[in-house]
Structures are given as C-alpha cells and as structure tokens.
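# Build me a model from this:
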Amino acid sequence: MNAAVSFIGGTNGNKKGLAATLSANPGELKLRASLSDTNFTDGSTLNFDDVLLSVEKPGSFIIDFDIPKKDVHFQFMNTFKVEGKQVNWTYGHVRNENRTVLDGTLMLDTANKLSASHELGSVNCKLKYSYVHRGLTTFEPCYDLANKSWGLSVSRRFFGGDLIKATYQTANRVLGVEWSCSSLVNQDGRVKVSAIFNLAEGLQTPKLSVESMWNFQA
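Numbers count the residues shown, from 1 in each chain. You can find the predicted model right below:
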C-alpha cells in the first residue's frame, strides 16, 4: 500500500490546504482514496470537503466517485495506430454535469506530438503541439478555439530531478512560474514553489504558494 500527504500554503489570502491519498494495487486494478481540506488553517480542525474514491485499470478505464457531490466521473482510454503512428484517446463523462469530453493525442515521433480536447455539444476545443528538445526541454503552444486565444508552456528538466516551468495565457495575461525539486526530508517526496503574475493588473506582487509532498510505502 502507498500513501502520500501534501500541504500547500501561500500568500494568496493565506490559503492553505491539506491532502492525503491512500492507494493499493490488488491484481490489475488500482484502488485509491483521496481526502483534501482546502480550508485548513491552524491545524486544530480538519474538515475534509473533498473525498474521492477511484478504481483504475491502467490503460483501460478510471472511475472516480465524488462522495460529497454524489457524482461519478468515467474515463475510458485506448490506443491504436494510424499509418504507423500511435494514437491515444480518452472518453470522459461527468454524470452530474452531463458533460462529455474526448481527448486524443497523435504521437508523431518520440519528440513531437499533437493533442486535441473537445467537449461534445459545445465549442470548447483546445489544440496543443508538444516538442521535447533533447529529452530535457519541452515547448507546448496551445490554441483555445472557444476563446480564440493562445497559450504557451515551457519547461526544463535537470539531471538532478529539478523542474522549472513557465506558462502564459493570452486570454487573461496570466504568467505562471513554478519550480519543483526533491524533498530533503522525504526521499520520495517533492517540494514545489509557484508564483502567479497577473500582467493585466500591471507589475504587482505575485501570488505565491509552496507545496510539500511526502510519499510513504507500507
């Protein structure tokens, strides 16, 4: 059985959060229970407002049960080839919202891929191209057909496991920067520092957050 605990805190309204995940792998299935408290403050009171139970068969399906919302989210995935190119697709449906999303990715080669995401019955559609340079730097331009806007993500992975990532959305002129590295406390844990700049409001103090994740195995 695997367990993971994460804590997030920041300067954006003193927002803090606490989350825990338990997972087990009986046979071909993966069972997961996730709890989170997005209003965690001084630690004296825990009120988990998000409880999620999941059943997954890797590469086949994922079923999420949202206990507080009494909702179910289905995901079915498959892989096939077209003209020798691998295509990964996912069919997702949220019962309460009656919303269905189709996601597809065409693997052109080991460094290049094209992705599309479309919500059925709406104009919501996003197209994304991904290029990995020498296995370390990833460029991902994205176009949102509904908003007619562009987005760009650039990330750089270092040999020590550190990752630096920057994202920018032209629709709201929001720039995000994050850095993640291995935890010095927990061997399998991670620490992530994020900053969000709203350039539409001019140069102001960014919203900062720090997330620390611990992983345990039993």
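# Where do the helices of the chain begin and end?
Assigned by DSSP state H, the chain shows no helices.
# Below-threshold pLDDT in it: ranges please.
1-17, 37-49, 186, 218 (pLDDT under 70).
# Does I63 touch S54 like I think?
Yes. Taking contacts as C-beta atoms under 8 Å, I63 lies within contact range of S54: 6.8 Å. C-beta here means a position set from N, CA and C on the backbone, and glycine is covered the same way.
# if you count what's nearby, which of these two comes out ahead?
S54 (18 against 14; other C-beta atoms under 10 Å).
# ok, now how distant is that one from C181?
Remark: distance between S54 and C181 (C-beta to C-beta, to the nearest Å) = 28 Å.
# and what of D50?
For D50 relative to C181 (C-beta to C-beta), the value is 27 Å.
# Would you check that A24 makes contact with S54?
No. Under the criterion of C-beta under 8 Å, A24 makes no contact with S54, lying 11.1 Å away.
# Identify the contacts common to these two.
By C-beta atoms under 8 Å, 6 or more residues apart in numbering, A24 and S54 have these common neighbours: 30-32.
# Quantify the burial of L163 by counting its neighbouring residues.
Neighbour count of L163, defined by other C-beta under 10 Å: 17.
# try Q75
Neighbour number of Q75 under other C-beta under 10 Å is 18.
# list the contacts for it?
So Q75 contacts 61-64, 90-92 (C-beta under 8 Å, 6+ apart).
# Now that we have those residues, which of them are buried?
61-62, 64, 90-92 (16 or more other C-beta atoms under 10 Å).
# could I get those as TSV with distance to L108?
Below are those laid out as TSV (distance: C-beta to C-beta, whole Å):
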residue	distance to L108
F61	26
I62	26
D64	31
T90	19
Y91	22
G92	24
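# quick check, nearest of those to S209?
S209 lies nearest to D64 out of the buried ones among the contacts of Q75, by C-beta to C-beta, at 24.6 Å.
# do you know how far the closest one is from Q75?
Taken as C-beta to C-beta, the span from D64 to Q75 is 8 Å.
# Buried among the shared contacts of A24 and S54? Make that a ChimeraX selection.
Applying 16+ other C-beta under 10 Å to the shared contacts of A24 and S54 leaves a buried subset, and the ChimeraX line that selects it is:
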select :30,32
